[in-house]
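no sequence on this one, just coordinates:
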Ligand code: SAM
Ligand code: SF4
């Protein structure tokens, strides 16, 4: 599948639920209204859509959320999608998780064919962790990460850089990831969904600033590791670990975008930072065959926009898009 700008679409991210056991301050409002079950695709329907994308050339699938591992029976979906790894139609099946349920699912993920997991973790301080997630328990997440490591999964830690909250911990996170053998990626906070007041402006820490600060304590060697995604990587010479920066605000990454995003209601977003979307649920439910679904996917890809227009400054404190990150899963 090629979009109008010549970009090949080989990566589908699927938010399998909008629900979550945390309420991270940059991601959700404290008081969220979640979708009624009737609007949400069943696991069988999710499998059908994902498989249609694989048939159209998608090589990488990531399940995300909300928190994907809180969805009931989610391992059934991982296991069934794993069949595409066995046939060679799919290169990678992976997950982005907050880690809270990883301890009980790590082994099953590995058995389903998952080899790498992204775990979001913004701090190693239990009190700060509870404040950022509004009620999460750090020790549970650390136990989940340990279980994933024991199960032989490669781990990448995703850390949202938050001004005045975890800026003072970046060195500690780099050292910890280096020692544990985890990759680490810092993410700029993105203006998605209403989270109350001017919070976003207060949270925003430009990664260009962070990177120049880091360069004072660490030797950051440029490497040309690319995942086709937004992250730009360096190698931290002192730890040997890989460090990525996702900088939608200070450096726009859209020219190499290879992905689209499906929500748990079957809405396809062609760009994380735009409102335009295509409904795949209606064609999916209209017939048992996949012709209408495939036609709807192809039509959607033909209008993938060139890029996003994220801005955060004093004049732009409103979200660039109204949905929260948990709708599309980042
Ligand atoms: N619950 C899972 C987790 O936290 O990893 C998966 C979904 S979460 C929405 C995916 C990623 O988006 C997490 O790494 C989270 O930190 C990040 N995220 C959420 N809201 C964000 C925002 N407004 N700006 C930047 N990153 C955000
Ligand atoms: Fe939940 Fe992930 Fe959003 Fe945090 S970032 S509230 S863990 S979906």
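Great, that's in hand. Note that the coordinates shown come from a computational prediction; the quantities given were computed from them, not determined experimentally. Ligands and ions are numbered 1, 2, ... in the order given.

now do residue 285: how many residues are near it, please.
Neighbour count of residue 285, defined by other Cβ atoms under 10 Å: 13. Every residue, glycine included, has its C-beta placed from N, CA and C.

check which helix or strand covers residue 93.
Element membership for residue 93, per DSSP states H and E: strand 92-97.

wait, I meant residue 186
Per DSSP H and E: strand 183-188 holds residue 186.

could you list everything the closest residue to ligand 2 within the stretch 151-300 of the chain pairs with in the sheet?
For the stretch 151-300 of the chain, the residue closest to ligand 2 is residue 160, as judged by Cβ to the nearest ligand atom, at 7.9 Å. Per DSSP bridges, the residues bridged to residue 160 are residue 187.

please name the residues that touch it.
24, 26, 120, 122, 186, 187, 188, 189 (Cβ atoms under 8 Å, 6 or more residues apart in numbering).

before we move on, back to that, any residue of the strand holding residue 93 touching ligand 1?
Yes: contact of strand 92-97 with ligand 1 (Cβ under 6 Å from any ligand atom) involves 96, 97.

buried ones in that strand?
93, 94, 95, 96, 97 (16 or more other Cβ atoms under 10 Å).

hmm, which two among these are most spread apart?
Farthest-apart pair in the buried residues of strand 92-97 is 93 and 97; separation 13.4 Å (Cβ to Cβ).

rewinding a little: list the helices and strands the strand holding residue 186 packs on?
Counting contacts by 3 or more Cβ pairs under 8 Å, 6 or more residues apart in numbering; DSSP states H and E, strand 183-188 packs against strand 154-161, helix 170-180, helix 207-217, strand 242-246.

and the residue in the stretch 101-250 of the chain positioned nearest to ligand 2, how close does it get to ligand 1?
At 5.6 Å from ligand 2, residue 120 is the closest residue in the stretch 101-250 of the chain, using Cβ to the nearest ligand atom. Counting by Cβ to the nearest ligand atom, to the nearest Å, the gap from residue 120 to ligand 1 is 3 Å.

got a pLDDT number for the closest residue to that residue other than its chain neighbours?
Closest residue in space to residue 120, ignoring its immediate chain neighbours: residue 158 at 4.6 Å, by Cβ to Cβ, 6 or more residues apart in numbering. What the model reports for residue 158 is a pLDDT of 97.

OK, contacts around residue 158?
Contacts of residue 158 by Cβ under 8 Å, 6+ apart are 96, 118, 119, 120, 121, 185, 187.

quick one on the thing from earlier: just how off-centre is the strand holding residue 186 within its chain?
11 Å (Cα atoms, centre = their mean, to the nearest Å).

buried residues in it?
So for strand 183-188, counting by 16+ other Cβ under 10 Å, buried means 183, 184, 185, 186, 187, 188.
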